[in-house]
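Trainee: Structure here, sequence nowhere to be found:
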């Protein structure tokens, strides 16, 4: 009886640990996305500053594209920064469920013949 309890307990602990690892990965990825967006915004601001100062002139298409990208990156960053703890937890929950669904799928085994 004790042996079966230990096996069940071990499986439970492993599942909880795996879910925590997934949550931590999501949070890390979320932080890295915000850092990358900040970096991209800074790059676009510098490109616009260089253009305005005459240091590096942009074509009208490049200028429009860079303005658009800067605006889009700022909107996305604001969206990520404004996410509540509950929204982040919901995203983590969805990701964990998706991974569990993928793990539960049965895949076909193929034998390669030479």
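Mentor: That came in fine, so what should we check first? Keep in mind that this is a model prediction, so the values were computed, not measured.
Trainee: centroid residue for this protein?
Mentor: Centroid-nearest residue in the chain, with CA atoms, centre = their mean: residue 29, separated by 4.3 Å.
Trainee: got the contact list for that residue?
Mentor: Residue 29 makes contact with no residue under the criterion CB atoms under 8 Å, 6 or more residues apart in numbering. Using the backbone N, CA and C atoms, a C-beta is placed for each residue, glycine as well.
Trainee: Quick check: next helix or strand after the helix or strand containing it?
Mentor: Following DSSP states H and E, one finds residue 29 within helix 2-53. Remark: after helix 2-53, the chain's next helix or strand is helix 60-81, criterion DSSP H and E.
Trainee: Hey, what's the angle from that following helix to helix 2-53? Just curious.
Mentor: In terms of direction (axes from the mean of the first three to the mean of the last three CA atoms, to 10 degrees), helix 60-81 departs from helix 2-53 by 140 degrees.
Trainee: ok, and for helix 60-81, which residues are buried?
Mentor: 66, 70, 73, 74, 77 (16 or more other CB atoms under 10 Å).
Trainee: Distance to residue 88 added to the residues you listed, as a markdown table?
Mentor: Output for the buried residues of helix 60-81, formatted as a markdown table (distance: CB to CB, whole Å):
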| residue | distance to residue 88 |
| --- | --- |
| 66 | 31 |
| 70 | 25 |
| 73 | 20 |
| 74 | 20 |
| 77 | 15 |
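Trainee: Distance-wise, check residue 59 relative to residue 112.
Mentor: Distance of residue 59 to residue 112, computed by CB to CB, to the nearest Å: 52 Å.
Trainee: Looking at the two, which has the bigger crowd around it?
Mentor: residue 59 (9 against 4; other CB atoms under 10 Å).
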